[in-house]
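Q: Structure, please.
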Amino acid sequence: MTMVTDPGRQRKADPGYPEVCTVFAYYSALAPQMLDQVAEECRTACIGCVQDKKRLAEILIETLAPLQERRRQFATQEGLLEKVVAQGNQKARTAARETLSLVREAMSLPDFDKSGVLLA
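A: Next comes the predicted model:
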């Protein structure tokens, strides 16, 4: 609730300028479908900054819920994080080998196998 909003808006009844409001910037990232509504409510003083922050907090909580759940899974399932990292490493290695092979072919450079032995 301490987030700075429109510095020119001192009272709820004062019209605001969403273009200078930090909270409005968060709406553009988290709920772009609400930008027109939020801007109108701000400019016409239909909603106060505290009310607006509470609504944004609800949107933020809803947006982060799946990430928090996934984090809980990693925290409670021993070895899950290590398994995911190992799978990602393998995928990255495979993609890197394929890319390097294409680069070597395009540049007419020799190719090597996994152990570093020159391929004919």
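
Q: Flag the shaky bits of the protein, pLDDT-wise.
A: Low-confidence segments of the chain, defined by pLDDT under 70: 120.

Q: ok so E98 is a helix residue?
A: Yes: according to DSSP: H, G, I helix; E, B strand; the rest coil, the state of E98 is that of a helix.

Q: how deep is it tucked in, by neighbour count?
A: Residues near E98, counting by other Cβ atoms under 10 Å, number 10. For the C-beta atoms, the positions are set from N, CA and C on the backbone; glycine is no exception.

Q: where's it relative to D113, distance?
A: Going from E98 to D113 by Cβ to Cβ, to the nearest Å gives 14 Å.

Q: again with A39
A: As judged by Cβ to Cβ, A39 and D113 stand 60 Å apart.

Q: Report the buried residues of the one helix or strand E69 maps to.
A: Assigning secondary structure by DSSP states H and E places E69 in helix 49-76. Neighbour counts using 16 or more other Cβ atoms under 10 Å place C49, D52, K53, R55, L56 of helix 49-76 among the buried residues.
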